[in-house]
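Novice: Give the three-dimensional model of this entry:
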Amino acid sequence: MQRLFPVLIGLVIVLAVLSSCVFVVRERDSALVFALGEVRETIVDPGLYFKFPPPFENVVRLDKRLQTIENNDPERIQTAEKKNLLIDSFVKWRISDPRLFYVTFGANDRAAVERLTAQIRDALNASVNVRTVKEVVSNERDKIMREVLENVAARAKPLGVEVVDVRLRRIDFAPEISESVYRRMEAERKQEANRLRASGTADSERIRAQADRERQEILAKAYAEAQQIKGEGDAKAASIFAQAYGKNPEFFSFYKSLEAYRDAFGQGNDTIVVSPKSDFFRYWGSASPGAAASAQ
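Specialist: Residues are numbered from 1 along each chain as shown. Below you'll find the model as predicted:
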C-alpha cells in the first residue's frame with residue numbers, strides 16, 4: 001500500500017498536467033492562446049485543441065455570438081429646428097476579430113458596449129441635427145438608420161467589432177415641445193383639409209357647368225331635330241292636301257266646310273249671326289226661307 005501511494009500521486013499529477021494541456025472551443029466561442037503574455041494563436045473553429053500547460057500557455061475565450069445593445073434610457077437629440085426628440089434605439093453586434101477586440105477591450109464586454117453606445121449617440125446626433133422633426137419622424141427615418149449603421153460600422157471595425165444592424169425603435173417628442181408640435185400638425189391637417197375642400201368645390205362647379213352645357217346642347221339639338229321633323233310633317237301634310245284638292249276640288253271644299261261647321265258649333269250653346277246666303281252655308285242645306293231661318 002505504501003508503494004502504491006506515490007504512484008497514485010504521480011498519476012494524479014500527470015492527469016492534471018495533461019488536462020491543462022487540453023481545451024475545448026465551443027460553437028459560440030472563439031479562443032486566444034497566449035504564450036508568456038503574447039497572443040500566439042487565434043481559434044474561431046469549434047473543436048478539441050492542445051497547448052502547453054500554464055504558465056507557458058493559457059487560453060482566453062470570447063463570446064462570438066450576436067449580441068444586442070438596448071438603450072433603456074432614450075437619447076435626447078436636437079433637430080435642425082432646435083427641437084428635442086427622445087430616440088430609443090437598439091444595435092446588433094458581434095466580435096469579428098478576437099485579437100483586435102482583446103487588444104482594445106481585453107475580455108471586458110461592458111467596455112465594448114459603452115464604446116459602441118457612445119459611437120451610436122454621436123452618429124445619431126450627426127444624422128438628426130441636420131434634419132427637421134418631420135423628416136426624422138416619418139420621411140427619412142430609414143435613411144437615418146442606414147447612415148447611423150454605416151457610421152458606427154466604420155468606426156467599430158478597427159476595434160474588432162462588426163455592427164450588424166441599427167434600429168430606431170421609438171421616436172417621441174420631448175414634453176416641452178409636444179404641445180406645440182401637435183398644434184402645428186393640427187394646423188397643417190386643417191390647411192390640407194381646406195385645400196381639398198376648395199379643390200372639391202371647384203371640381204364640383206366645373207362638373208355642374210359642363211353638365212349644364214351638355215344639357216343645353218342636347219336640348220338645342222333635340223329642338224332642332226323636332227322642328228325639322230315638324231316642318232317635314234307640315235310639308236308632307238300640305239302636299240297631301242294639295243294632291244287631294246287636285247283630284248276633287250268640290251269634295252275637298254265640302255270636307256273643309258264640314259270641318260269649319262264642327263269647329264264653329266262644337267259647343268251646344270254656340271250662336272252665330274250670319275247671312276244664310278253666305279259661302280259659309282253653301283253646303284248647309286236647301287235654299288228655302290224656312291231652311292235659312294232655321295240656319296240663322
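Novice: low-scoring stretches of the protein, by residue?
Specialist: 1-19, 176-181, 263-272, 274-296 (pLDDT under 70).
Novice: Quickly list the domain ranges of it.
Specialist: Using automatic domain parsing, the domain ranges for the chain come out as 9-63, 67-180, 245-295.
Novice: which stretches of the protein form strands?
Specialist: Along the chain, counting by DSSP state E, strands occupy 22-25, 29-35, 38-43, 47-50, 57-63, 67-70, 75-78, 84-95, 161-173.
Novice: got the buried residues for the fifth one?
Specialist: Within strand 57-63, the residues that qualify as buried are 57, 58, 59, 61, 62, counting by 16 or more other C-beta atoms under 10 Å. For glycine as for every other residue, the C-beta is placed from the backbone atoms N, C-alpha and C.
Novice: Pretty sure the last one sits against residue 101.
Specialist: Read it as residue 62. Yes - counting by C-beta atoms under 8 Å, residue 101 is a contact partner of residue 62 at 6.5 Å.
Novice: list residues touching both of those two?
Specialist: Common contacts of residue 62 and residue 101, defined by C-beta atoms under 8 Å, 6 or more residues apart in numbering, comprise residue 95.
Novice: Tell me which of the strands of the chain sits nearest to residue 126.
Specialist: Set against residue 126 and scored by C-beta to C-beta, the strands of the chain come closest in strand 75-78, at 9.9 Å.
Novice: partners of the closest one, with directions?
Specialist: In the sheet, strand 75-78 lines up against strand 84-95 (antiparallel) (DSSP bridges).
Novice: Could you tell me the angle between the strand it pairs with and strand 161-173?
Specialist: Put simply, strand 84-95 runs at 160 degrees to strand 161-173, going by axes from the mean of the first three to the mean of the last three C-alpha atoms, to 10 degrees.
Novice: Send me strand 84-95 as PDB with only the CA atoms.
Specialist: What follows is strand 84-95 as a C-alpha-only set of coordinates in PDB (Å, rounded to 0.1, in the frame of the first residue of the first chain):
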ATOM      1  CA  ASN A  84     -35.600  67.900 -28.700                       C
ATOM      2  CA  LEU A  85     -36.500  64.400 -29.600                       C
ATOM      3  CA  LEU A  86     -36.300  61.300 -27.400                       C
ATOM      4  CA  ILE A  87     -35.000  58.400 -29.600                       C
ATOM      5  CA  ASP A  88     -34.900  54.800 -28.400                       C
ATOM      6  CA  SER A  89     -32.600  52.500 -30.400                       C
ATOM      7  CA  PHE A  90     -31.000  49.100 -30.300                       C
ATOM      8  CA  VAL A  91     -27.900  47.700 -32.000                       C
ATOM      9  CA  LYS A  92     -26.900  44.100 -33.100                       C
ATOM     10  CA  TRP A  93     -23.200  43.500 -33.000                       C
ATOM     11  CA  ARG A  94     -20.600  40.700 -32.600                       C
ATOM     12  CA  ILE A  95     -16.900  40.200 -32.300                       C
END
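Novice: Thanks a lot, catch you later.
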